[in-house]
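Novice: give me coordinates for this.
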Amino acid sequence: MQGMATTPQQDARKSGADIDDWRPEDEAFWAETGSRVATRNLWISIPALFCGFAVWLMWGIITVQMLNLGFPFARDELFTLTAIAGLSGATLRIPSSFFIRLSGGRNTIFLTTALLMIPAFGAGVALQSTDTPLWVFQLLALLSGIGGGNFACSMSNISSFYPKRLQGTALGLNAGLGNFGVTGSQILIPAVMTVGLFGFIGFGESMPLVRDSGTLLGKIPAGTQTFIQNAGLVWLLLLVPLAIAAWFGMNNLKSVSPTIGNAGAAFLKVLLLYGVGLVVAALGLWLYLPAPTGLGVLNMWVAMPLIIVATLLAMKVVAFGDMKANLNRQFRIFSNKHTWSMTVLYIVTFGSFIGFSMAVPLSITVIFGFQHLPDGAGGLTHTTLNPNAPSALTWAWIGPFVGAATRPLGGWISDKVGGSIVTQIVSLVMVVASVAAGYVMFLAYRSPTPGAYFLVFMLLFVALFAASGIGNGSTFRSVGVIFDREQAGPVLGWTSAVAAYGSFIAPVVIGQQIKAGSPEVAMYGFAVFYALCLILNWWFYLRRNAYVKNP
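Specialist: The predicted model follows:
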């Protein structure tokens, strides 16, 4: 009957994909229908985010296997692929931070998940031939950044569904289980290379390994026929059903995204802003990377802030109509001092997690893959291959696995005791572990028997990953408490965008110091940064007259 009140369940069913009435802080609403709807959206979001991380970071493993298969590229050229993917993914998180309010959660997650099929399928085609030119792989690495960008909109979306008291747990589950995509790519890619999965659709050509390769289960000897194209194609087995599930199972919250328009208009906004991010990232990489890939006229510390500022300005320039007003409204987060404090603190946690995920395989290969023979004056005369070297592909997955596993725990604990106290403890652990890891790297890099230090090295980095994972959960809990519902989503996205540049910074900094013969300096530098963040966290959130007490 007209004028008759409806229950929350009826409102949700009547709204279909678009939900008009959403009151998660209302306990009756949450118990009757909110929890069920939020849980459904969360459990579709998690595997979609898993695939985003996997496609984004797959080049760290693919490049190792390209070397093992004899692709005709220098190591420096292959390392550009991981740098391109890392910087592209971080840059695309900037526009992605604002997608949910502009286009709605269901529309955004469906489209950004479907877009991952482009680099996944493209890699499957390109990797079938060693004659594929380098620029094709570089373009695909740039597009793989879409997977990195998807984190920002995924977290922003899930934060909108849950009440403040459950923000840490919900965001910890979404990010933590999604982060398993890092480990998933490190384990799954070497494994599926040994199986002809896609011969029935014309992707059955194999190539013999030129040198031994490692997997979780052991060593693959040289001469083994492998299917490296599976490194990209395997993700299609997940992406296709996940895109369908997102379209039919997720929701747009009209209270969060009031002016999304129809699905076509929503998609156009996402594609336009992702296009802007890709163009700016490509230009920044061209100015940063050395010849022949780029001009090499900017160093890393100049290139990154220029790319960030240029992306924000370009977004404002291309925005039109309600989209421009909506962006301007969301850009108000930059006038809030807590946006900047939480950005720095999130660099400590997620920046460290993603940076070490990219850098540890290289560190294992270079530091422990060679025997360093000293001269009488304490210098290094020459190095030789270490016949007992540990395989990076066998060991590198452990740290990211632990970091992802501890992230939901960090959110749950922070919901109980407060986020900032957990962040403080985590930062202290990371100061100590970084100094210790640096000292162990110093000893191993100068040792004729570096393997003697490998166990301690791994344990210290596992501690760093565990601490960063717990800190990921605690910082997201703090954001959910400090900011109102309108600003929390964009702040979550923005902080994750800046921190994602850790995937670019850590490999470059550690790689430069390894080349200089002093890998420990990189870790000591990280420890100094973590110590400064201890002070920042105490000043803003833990001292007697803190701005917000232990959020």
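Novice: neighbours of the closest residue to residue 397 other than its chain neighbours, how many?
Specialist: With sequence-adjacent residues excluded and distances taken as CB to CB, 6 or more residues apart in numbering, residue 397 is closest to residue 186, at 4.0 Å. (C-beta placed from N, C-alpha, C; glycine too.) Neighbourhood size, residue 186 [other CB atoms under 10 Å]: 29.
Novice: contacting residues for residue 186?
Specialist: Contacts were defined as CB atoms under 8 Å, 6 or more residues apart in numbering; by that measure residue 186 touches 60, 61, 393, 396, 397, 400.
Novice: A strand includes it, no?
Specialist: No - read with DSSP: H, G, I helix; E, B strand; the rest coil, residue 186 is helix and lies in no strand.
Novice: do you know how far it is from residue 358?
Specialist: 11 Å (CB to CB, to the nearest Å).
Novice: over to residue 263?
Specialist: According to CB to CB, residue 263 stands 35 Å off from residue 358.
Novice: these two: which has the busier surroundings?
Specialist: The neighbour comparison of residue 263 against residue 358 (other CB under 10 Å) goes to residue 358, with 27 against 17.
Novice: check the secondary structure at that one for me.
Specialist: helix.
Novice: list the residues that contact it.
Specialist: So residue 358 contacts 57, 60, 82, 86, 503, 506, 507 (CB under 8 Å, 6+ apart).
Novice: one more: residue 106?
Specialist: Residues near residue 106 by CB under 8 Å, 6+ apart: 17, 246, 247, 250, 251, 252.
Novice: still on that earlier bit, could you find the lowest-pLDDT member of the contacts of residue 186?
Specialist: Lowest in pLDDT among the contacts of residue 186 is residue 393, which has 74.
Novice: find the residue at the geometric middle of this protein.
Specialist: The structure's the chain has its C-alpha centroid closest to residue 148; by CA atoms, centre = their mean the separation is 5.1 Å.
Novice: please, which helix or strand holds that one?
Specialist: helix 134-161 (DSSP states H and E).
Novice: tell me how far that helix lies from the chain's centre.
Specialist: 8 Å (CA atoms, centre = their mean, to the nearest Å).
Novice: coming back round to it: out of the contacts of residue 106, who's the most crowded?
Specialist: Sorting the contacts of residue 106 by how many neighbours each has (other CB under 10 Å) puts residue 252 first, at 26 neighbours.
Novice: quick check: closest non-adjacent residue to that residue.
Specialist: Nearest residue to residue 252, sequence neighbours excluded (CB to CB, 6+ apart): residue 104, at 3.2 Å.
Novice: isn't residue 25 right next to residue 166, touching?
Specialist: No - if you go by CB atoms under 8 Å, residue 25 and residue 166 don't touch, sitting 10.5 Å apart.
Novice: those two - which one has more neighbours?
Specialist: More crowded of residue 25 and residue 166, by other CB under 10 Å: residue 166, with 20 against 12.
Novice: from residue 29, how far out is the more buried one?
Specialist: 14 Å.
Novice: this protein: strands as residue ranges?
Specialist: Along the chain, the stretches classed as strands by DSSP state E are 18-19, 207-208, 213-215, 218-220, 225-226, 252-253, 370-374, 380-385.
Novice: by mean pLDDT, show me the worst of those strands.
Specialist: The lowest average pLDDT among the strands of the chain, as it happens, falls on strand 380-385, at a mean of 63.
Novice: pLDDT below threshold where in the protein?
Specialist: Scanning the chain for pLDDT under 70 picks out the ranges 1-16, 200, 214-218, 372-383.
Novice: alpha carbons only: can I get stretch 343-358 in CSV?
Specialist: Provided in CSV are the C-alpha atoms of stretch 343-358 (Å, rounded to 0.1, in the frame of the first residue of the first chain):
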residue,chain,number,x,y,z
THR,A,343,49.8,8.8,4.4
VAL,A,344,53.3,8.8,6.1
LEU,A,345,52.3,6.1,8.5
TYR,A,346,50.8,3.9,5.8
ILE,A,347,54.1,4.2,3.9
VAL,A,348,55.7,2.5,6.9
THR,A,349,53.3,-0.5,6.6
PHE,A,350,52.1,-1.1,3.1
GLY,A,351,55.0,0.7,1.5
SER,A,352,57.4,-1.6,3.3
PHE,A,353,55.3,-4.7,2.5
ILE,A,354,55.0,-4.1,-1.2
GLY,A,355,58.6,-2.7,-1.5
PHE,A,356,60.2,-5.7,0.2
SER,A,357,58.0,-8.0,-1.8
MET,A,358,59.6,-6.6,-4.9
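Novice: OK, contacts around the closest residue to residue 407 other than its chain neighbours?
Specialist: Excluding the flanking residues, the one nearest residue 407 by CB to CB, 6+ apart is residue 176, at 3.0 Å. By CB under 8 Å, 6+ apart, the contact list for residue 176 reads 404, 405, 406, 407, 408, 409, 410, 411, 469, 472, 473.
Novice: could you do residue 154 as well?
Specialist: Here residue 154 is in contact with 45, 48, 49, 52, 109, 174, 178 (CB under 8 Å, 6+ apart).
Novice: and what of residue 488?
Specialist: Contact analysis of residue 488 by CB under 8 Å, 6+ apart lists 159, 167, 479, 480.
Novice: quick one: buried ones out of these?
Specialist: Among those, those scoring as buried are 159, 167, 479, 480 (criterion: 16 or more other CB atoms under 10 Å).
Novice: sort out for me which of those residues are in helices.
Specialist: Residues of these located in helices (DSSP state H): 159, 167, 479, 480.
Novice: could you dump the contacts of residue 154 into TSV with neighbour count and distance to residue 340 added?
Specialist: Shown next, in TSV, are these (neighbours: other CB atoms under 10 Å; distance: CB to CB, whole Å):
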residue	neighbour count	distance to residue 340
45	28	27
48	27	30
49	29	26
52	29	26
109	32	28
174	29	24
178	26	25
